[in-house]
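K.L.:
Any chance you can model this:
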Amino acid sequence: MPSIAEIYASPPIGQLLKVEGWIRTRRTTRTVSFVELQDGSTLKALQLVLSHEKISLDRIEATLHTGASIAVWGILRSTPDRPQPFEIEVEDFILYGEADPTTYPLQKKAHSLEFLREISHLRPRTRTFQAIFRIRSGLSFAIHQYFQERGFVYVHTPILTPSDCEGGGQLFQVTTLALEALPRHPDGRIAYEKDFFGRPAYLTVSGQLEGEMLSMGLGKIYTFGPTFRAEPSHTPRHLAEFWMIEPEMAFYDLDMTMDLAEDFLQFLTKAILQRHREELEFLREHYEEKLIHELEKVAESRFIRLSYTEAIDILNKSGKSFQFPTSWGSDLQAEHERYLVEEYAGQPVIVYNYPKEIKAFYMRQNDDGRTVAAFDVLFPRIGEVIGGSQREERYEQLLRRMEERGMDPFPYQNYLDIRRYGSVPHSGFGLGLERFLLFLTGMTNVRDVIPFFRSAGQMA
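P.N.:
Got it, this is the predicted structure:
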C-alpha cells in the first residue's frame with residue numbers, strides 16, 4: 001500500500017490502489033464528489049473522485065467530512081488537462097474515524113498561528129506544521145550525520161542534576177517530598193536528606209558539564225536532548241523545555257571551535273535546502289518571502305568575526321538610537337545583534353572575547369584579565385543562535401572564578417576533578433534547536449517549531 005508521497009514519486013497509473021489518510025476538503029457537484037486526501041507523507045494532497053453512480057451521495061455526505069480518516073480503493077488515472085497530475089477514481093471506501101463538522105476546528109479556511117497554538121494536538125494536520133515538523137526531523141538527522149561523520153561520540157548526559165551549569169540560572173526543582181508538609185530542621189531549613197537523592201535535585205539546564213567530563217576520555221563528544229529553564233518569560237524566543245545540541249572537544253581552542261560552529265551551521269543549512277525544498281517553498285510562499293534567499297546566503301557566506309570590543313565600537317558609531325544603550329561591559333541585546341548581522345555585515349557574525357563579568361564561570365579567562373574566550377554566532381532575524389567558549393582548564397583559576405561568583409564548589413567536585421588529573425585545553429558550544437528552526441522555517445515564535453510547547457503559564 002503506497003503512501004501519497006510514493007504515488008507522487010512514481011505514479012502507478014492504471015493500477016488499483018488502496019490509500020489511507022485524512023480528508024482535507026470535500027466538494028460536491030450534481031454527479032460527483034471530489035475529496036482531497038492527505039496522509040502526512042507529503043504536503044501534496046491526493047484527489048479522489050467519487051461518482052454518485054458508484055457511491056451514493058447520502059453515504060458521502062453522512063461520512064466524508066473534513067478531518068475524517070478513511071481508506072479508499074480505486075484506479076489511479078492520469079489527468080494531463082487538470083491542475084493535478086492524476087487522481088483516483090474511487091471504487092469504494094471505509095470510514096476509520098469520523099469528524100463532526102460542527103465541532104472539528106480545522107475547516108477549509110486560513111487559521112492564525114495563535115489559534116493553532118490552542119489546538120497543538122491537531123495542528124500537525126495543517127500543511128504549515130507538516131512542513132515545520134518535517135524540517136525539524138530533517139534537521140535532527142543532519143545533526144547526527146554531521147557529528148558521526150567527523151568522529152564525534154554521541155553521549156547521553158543526565159536530565160536530573162545537583163547543580164546549575166550556568167551558576168545562577170533559574171531551575172526546576174525535582175522532589176519526592178510532600179510539598180504540603182515539608183520536613184524541616186529545628187532552624188527551619190528543609191531536610192533534604194529525607195528526599196529521594198538525599199540532597200536538592202533539579203532538571204538540567206545543560207549537559208555541558210557532564211559533556212566536558214566525557215570528552216576528557218572520549219576526545220570529541222556531543223549531546224542532543226531536552227533541557228529546562230524556569231525563566232518566567234513570555235517572549236516568542238523562550239521556552240521552559242527545549243532541545244540543545246552541545247559538542248565538547250578535547251584539545252580544541254577558541255579559533256578551532258569557532259571554525260567548527262561555522263562549518264556545522266552551514267552544513268545543516270545546506271542539508272535542509274537540499275532535502276526539504278518542498279517544505280521551504282511552502283513556508284516561503286505563506287510566511288517569509290526571503291526565506292530561501294536567506295538560507296542560501298548563509299550556506300555560502302563566510303561568517304564575519306568581530307571581537308566584542310570591535311562590536312561595541314561599531315554599535316557606538318552606528319548613529320542608531322537603540323532601546324538599550326551600548327557601552328563596554330554591557331551584554332549585547334537582540335537589537336544590537338540584529339544590527340550587526342542585518343545592517344552592518346549583511347551576513348552572519350561571530351562575536352568573541354566577551355567581558356568576563358557577563359559570562360559564565362567556566363569560560364577560560366584571557367591574558368588581559370578582563371575578557372574570556374567566549375563567542376556567540378549571530379544570525380539574521382533571530383540574533384544569537386550559538387553560544388560557546390574555550391573552557392577553563394586550569395584548576396586554580398576555575399576555583400577562584402567560582403569563589404568570585406559566590407558559588408558553593410561542593411556540587412561541582414567531579415567537574416573540578418577533571419582539572420586535577422590530566423587536564424587539557426578544551427572547548428564547546430550549544431545550539432538551541434528551536435532557535436535555529438526559527439531561522440530555517442521563517443517562523444517568529446518558538447512555540448511554532450516544537451510539537452508541544454511548555455512555557456511560563458502554558459503547557460500545550
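
K.L.:
For residue 438, the count of nearby residues, please.
P.N.:
When neighbours are counted by other CB atoms under 10 Å, residue 438 registers 22. C-beta: built from backbone N, CA, C; applies to glycine.

K.L.:
any idea how far whichever helix or strand it is part of is from the chain center?
P.N.:
Secondary structure assignment for residue 438, by DSSP states H and E: helix 433-441. Centroid separation between helix 433-441 and its chain, computed with CA atoms, centre = their mean, to the nearest Å, is 6 Å.

K.L.:
One more: stretch 173-185?
P.N.:
On CA atoms, centre = their mean, the centre of stretch 173-185 falls 34 Å from the chain's centre.

K.L.:
And residue 331, how close does it get to residue 400?
P.N.:
Residue 331 is 23 Å from residue 400, where distance means CB to CB, to the nearest Å.

K.L.:
same deal with residue 274?
P.N.:
Per CB to CB, residue 274 is found 48 Å from residue 400.

K.L.:
higher neighbour count, those two?
P.N.:
residue 400 (14 against 11).

K.L.:
Then the more buried one would be within a strand, right?
P.N.:
No - Residue 400 sits outside any strand when classified using DSSP: H, G, I helix; E, B strand; the rest coil, being helix.

K.L.:
what sits up against stretch 156-175?
P.N.:
Applying CB atoms under 8 Å, 6 or more residues apart in numbering, the contact partners of stretch 156-175 are 195-197, 199-211, 214, 223, 225-226, 228-232, 240, 360-362, 402, 405, 407, 411-412.

K.L.:
buried subset of those?
P.N.:
Neighbour-count burial (16 or more other CB atoms under 10 Å) is assigned, among these, to 195, 201-211, 214, 223, 225, 228-229, 240, 360-362, 402, 407, 412.

K.L.:
Mind checking which of these land in helices?
P.N.:
208-211, 214, 402 (DSSP state H).

K.L.:
quick one: which two of these are the most distant?
P.N.:
Greatest spacing in those, by CB to CB: 214 and 402 (21.1 Å).

K.L.:
element containing the residue located most distally from the centre of the chain, please.
P.N.:
For the chain, the largest distance from the centre (CA atoms, centre = their mean) belongs to residue 53, which lies 49.8 Å off. Taking DSSP H and E as the criterion, no element holds residue 53; it sits outside all helices and strands.

K.L.:
which residues touch it?
P.N.:
Listed by CB under 8 Å, 6+ apart, the contact set of residue 53 reads residue 31.

K.L.:
Next, find the distance separating it from residue 32.
P.N.:
9 Å.

K.L.:
same check, this time on residue 334
P.N.:
For residue 334 relative to residue 32 (CB to CB), the value is 54 Å.

K.L.:
Repeat that for residue 112.
P.N.:
33 Å.

K.L.:
out of those two, which sits in the busier spot?
P.N.:
Ranked by neighbour count (other CB under 10 Å), residue 112 and residue 32 place residue 32 first, with 18 against 8.

K.L.:
phi, psi of the more buried one?
P.N.:
Dihedral pair for residue 32: phi -150, psi 150, per degrees, to the nearest 10.
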